[in-house]
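In: Return atomic coordinates for the entry below.
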Amino acid sequence: MQIGSLRQLTLASFILALVPLVVLLWQSQSTLSDMGQIAASEAQFSVGLVRQIGSIENVAIDVERWILQYHVLKKEELRELTENNIQRLRDMMLIVCAELDKKNVCQALEKRISWFLRNTEITDQLLLDAQLAEFRRSLGELHEQVDTLLDERIEQQQDYVNSVQQTQAWSTGILVSISLLLIIFASQLILSPVAKIERVIGAIARQATRLPAISKSGPKELIELEHKLHWLADRLNQLEHLRHALLRHASHELKTPLASIKEGCSLLSEQVVGNLNEQQVEVLSLLNSSTERLNLLIEQLLDYNLLLQQAKPVYQKVDAQALIDDVLTDNALAVQQNDHKIELSLKVINLYVDPNLFRRIMDNLLSNALAHGTVGRPINISLYTAQDMLILDVANRGIKIPQEQRLVLFEPFKRGDNRRNDRVIGSGLGLSIVSDCARMMHGTAEIVDIDYADVCVRVCLPLTEVSS
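Out: Okay, here's the model as predicted:
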């Protein structure tokens, strides 16, 4: 099903999650209404029954008094009053007895009433007193039966309330659980397209060759965003190819005239075309230094372009001493010119790194130390492990780097304020290459403070099981 928009999806999910809660609210209201009606009905029944039994007792007292008066006075008016009250008592008793389950008490009371109606002319006082005593006892039993009935109905009502509470608790738990499941389901419907976009962005960041396919269903806003991300990825790939081509061709095209300039300067320096005066020799020296600087910039640019083209590191087991010896051999001339002494501290025998990336790190760090270190002072190279990390420190003596400049120096084409020993203006790519190489091997590069040198660049790489 094609969802119109993210707003519609959110609204539909919200309504779907509310359905169980609406059902729960309706069920709670219905149950509360039923319990209110039952409570009102039971209260009305209990009050009516208590009033009826109270009226019966009052009428029974009147009946007993009229019987005794008629027995003494023998007046016709008293006999009629007695019969009327007995009939009234019988009618009221029938109403109460209709609510009782046990009819034996009502039958005994009816038997006493019938006896009084048949024996209005009784003269035996003892027999009359005995019948009146039985009459009062039957009335007491009737009162007890009514109390028992009320207690039973109260217990039944309490059981019903407990049953309703239990049912309501189960219903609440089930409906709330359903609502939570619907909320989770709805959130997945919303988050699934967002997670797809996150995967697309991650693939773009990793420069993956293929991106996740564009969704065919979902909110139209997010589908449009996926289209835009795919377009952006294509555009970035085009720009990346153009940048690599530009760097490659520009470097190549610069090297050709540069070689001609160097050859021409060499011929002039050897005075093949004629003798040079002092001013011409000075100008020629400036041309040579500028040519060397331009050659250095081109080489660093090519190195940086080659680094950017490497997709991922290729790890190998490398002998740490041999690798550093190769780096020192390649830079031996610069070390001798500045009268530096290299102090090594290698506490790691084998490395499991990308040899090319680690070699670039070493070359650039040593070149940076040679260019900015104080002439005649030692350069320290330390390789050790700490907290599951492989650490490389390259330190030199010289001018300390301010804190506010330390992060900036690792950005491309950013240079520090300190002058180089070779008086060559750097390209600002050395430390940037170090940082990128470290990042490709999931490590970091930073400038740290140590107690034995003024400047120290530290590279931290994850320590693998092969490193030792």
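In: Could you use CA atoms for every contact and neighbour count after this?
Out: Noted.
In: Contact partners for residue 87?
Out: The contact partners of residue 87, by Cα atoms under 8 Å, 6 or more residues apart in numbering, come to none.
In: That one: helix or strand, and which one exactly?
Out: Using DSSP states H and E, residue 87 falls within helix 76-97.
In: Which positions in that helix come out as buried?
Out: 78-79, 81-83, 85-87, 89-90, 92-93, 96-97 (16 or more other Cα atoms under 10 Å).
In: tell me the strands in this structure, going along the chain?
Out: 316-319, 342-346, 350-353, 379-386, 389-396, 444-448, 455-462 (DSSP state E).
In: Report the angle between the second one and strand 379-386.
Out: Translated: strand 342-346. Strand 342-346 runs at 10 degrees relative to strand 379-386, counting by axes from the mean of the first three to the mean of the last three Cα atoms, to 10 degrees.
In: I'd like to know the average pLDDT value across strand 342-346.
Out: On average, the pLDDT along strand 342-346 is 88.
In: strand partners of it, parallel vs antiparallel please.
Out: Partners of strand 342-346 in the sheet, by DSSP bridges, are strand 379-386 (parallel).
In: Helix or strand with the lowest mean pLDDT in this protein?
Out: Sorted by mean pLDDT, DSSP states H and E, the helices and strands of the chain end with helix 278-309, the least confident at a mean of 71.
In: Isn't residue 146 up against residue 97?
Out: No. Judged on Cα atoms under 8 Å, residue 146 makes no contact with residue 97 at a distance of 9.0 Å.
In: who touches stretch 17-24?
Out: By Cα under 8 Å, 6+ apart, the list of residues contacting stretch 17-24 reads 171-172, 175-176, 178-180, 182-183, 186.
In: Below-threshold pLDDT in the stretch 301-450 of the chain: ranges please.
Out: Within the stretch 301-450 of the chain, the set of residues satisfying pLDDT under 70 comprises 301-311, 413-428.
In: Distance of residue 277 relative to residue 263?
Out: Counting by Cα to Cα, to the nearest Å, the separation of residue 277 from residue 263 is 20 Å.
In: between the two, which one's more packed in?
Out: More crowded of residue 277 and residue 263, by other Cα atoms under 10 Å: residue 263, with 12 against 8.
In: Tell me how far the more buried one lies from residue 271.
Out: 12 Å.
In: same question, residue 372
Out: Using Cα to Cα, residue 372 is found at 34 Å from residue 271.
In: And for residue 43?
Out: Per Cα to Cα, residue 43 is found 129 Å from residue 271.
In: Check residue 14 too.
Out: Distance of residue 14 to residue 271, given as Cα to Cα: 89 Å.
In: Of these two, which one has the most company?
Out: Under the neighbour definition other Cα under 10 Å, residue 14 and residue 271 were set side by side, and residue 14 has more, 15 against 12.
In: do you know how far the more buried one is from residue 186?
Out: For residue 14, the distance to residue 186 equals 8 Å [Cα to Cα].
In: where do the helices sit along the stretch 151-300 of the chain?
Out: 220-269, 278-309 (DSSP state H, counting those that start in this stretch).
In: who does the longest one touch, helix- and strand-wise?
Out: Spelled out, that is helix 220-269. Under the contact criterion of 3 or more Cα pairs under 8 Å, 6 or more residues apart in numbering; DSSP states H and E, helix 220-269 touches helix 6-73, helix 125-205, helix 278-309.
In: mind running it again at 7 Å?
Out: Under the contact criterion of 3 or more Cα pairs under 7 Å, 6 or more residues apart in numbering; DSSP states H and E, helix 220-269 touches helix 125-205, helix 278-309.
In: average pLDDT for it?
Out: For helix 220-269, mean pLDDT is 76.
In: same deal with stretch 165-174?
Out: Here stretch 165-174 scores 87 as its mean pLDDT.
In: Show residues contacting it.
Out: Residues outside stretch 165-174 that contact it (Cα atoms under 7 Å, 6 or more residues apart in numbering): residue 24.
In: And it, what's buried?
Out: Applying 16+ other Cα under 10 Å to stretch 165-174 flags 168, 171-172 as buried.
In: and what of stretch 388-402?
Out: Result for stretch 388-402 [16+ other Cα under 10 Å]: buried residues 389-398, 401.
In: again, but for stretch 432-444
Out: Under 16+ other Cα under 10 Å, the buried positions of stretch 432-444 are 432-438, 440-441, 443-444.
In: Pull out the CA atoms of it and give them to me as PDB.
Out: Extracted in PDB, the C-alpha atoms of stretch 432-444 (Å, rounded to 0.1, in the frame of the first residue of the first chain):
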ATOM      1  CA  SER A 432      46.900  16.200   7.100                       C
ATOM      2  CA  ILE A 433      48.300  13.100   5.400                       C
ATOM      3  CA  VAL A 434      49.300  11.700   8.800                       C
ATOM      4  CA  SER A 435      45.800  12.300  10.100                       C
ATOM      5  CA  ASP A 436      44.100  10.700   7.100                       C
ATOM      6  CA  CYS A 437      46.300   7.700   7.200                       C
ATOM      7  CA  ALA A 438      45.700   7.100  10.900                       C
ATOM      8  CA  ARG A 439      41.900   7.600  10.400                       C
ATOM      9  CA  MET A 440      41.900   5.000   7.600                       C
ATOM     10  CA  MET A 441      43.400   2.500  10.000                       C
ATOM     11  CA  HIS A 442      40.800   3.500  12.600                       C
ATOM     12  CA  GLY A 443      43.300   5.500  14.600                       C
ATOM     13  CA  THR A 444      43.900   9.200  15.600                       C
END
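In: what separates it from the chain centre, distance-wise?
Out: 30 Å (Cα atoms, centre = their mean, to the nearest Å).
In: same question, stretch 104-117
Out: 80 Å.
In: With stretch 377-393 instead?
Out: The answer for stretch 377-393 is 39 Å, by Cα atoms, centre = their mean.
In: what does that stretch rub up against?
Out: With Cα under 7 Å, 6+ apart as the test, stretch 377-393 has contacts from 340-348, 394-397, 456-463.
In: From those residues, keep the buried residues only.
Out: Taking 16+ other Cα under 10 Å as the criterion, what is buried in the contacts of stretch 377-393 is 340, 348, 394-397, 456-463.
In: Let me know the closest of those to residue 116.
Out: The closest of the buried ones among the contacts of stretch 377-393 to residue 116 turns out to be residue 462 (Cα to Cα; 112.2 Å).
In: Look up the residues forming beta bridges with the closest one.
Out: Going by DSSP bridges, residue 462 forms beta bridges with residue 389.
In: now it: how far from residue 114?
Out: Applying Cα to Cα to residue 462 and residue 114 gives a distance of 109 Å.
In: now swap in residue 22 and tell me
Out: To residue 114, residue 22 is 62 Å away according to Cα to Cα.
In: for residue 281, same thing?
Out: For residue 281, the distance to residue 114 - Cα to Cα - is 156 Å.
In: Residue 267 now?
Out: Separation of residue 267 from residue 114 (Cα to Cα) stands at 156 Å.
In: now residue 98
Out: As judged by Cα to Cα, residue 98 and residue 114 stand 19 Å apart.
In: Quick one: neighbours of residue 75, just the number.
Out: 11.
In: distance of it from residue 175?
Out: 76 Å.
In: And residue 429, by the same measure?
Out: Following Cα to Cα, the distance that separates residue 429 from residue 175 is 64 Å.
In: OK, contacts around residue 223?
Out: So residue 223 contacts residue 215 (Cα under 7 Å, 6+ apart).
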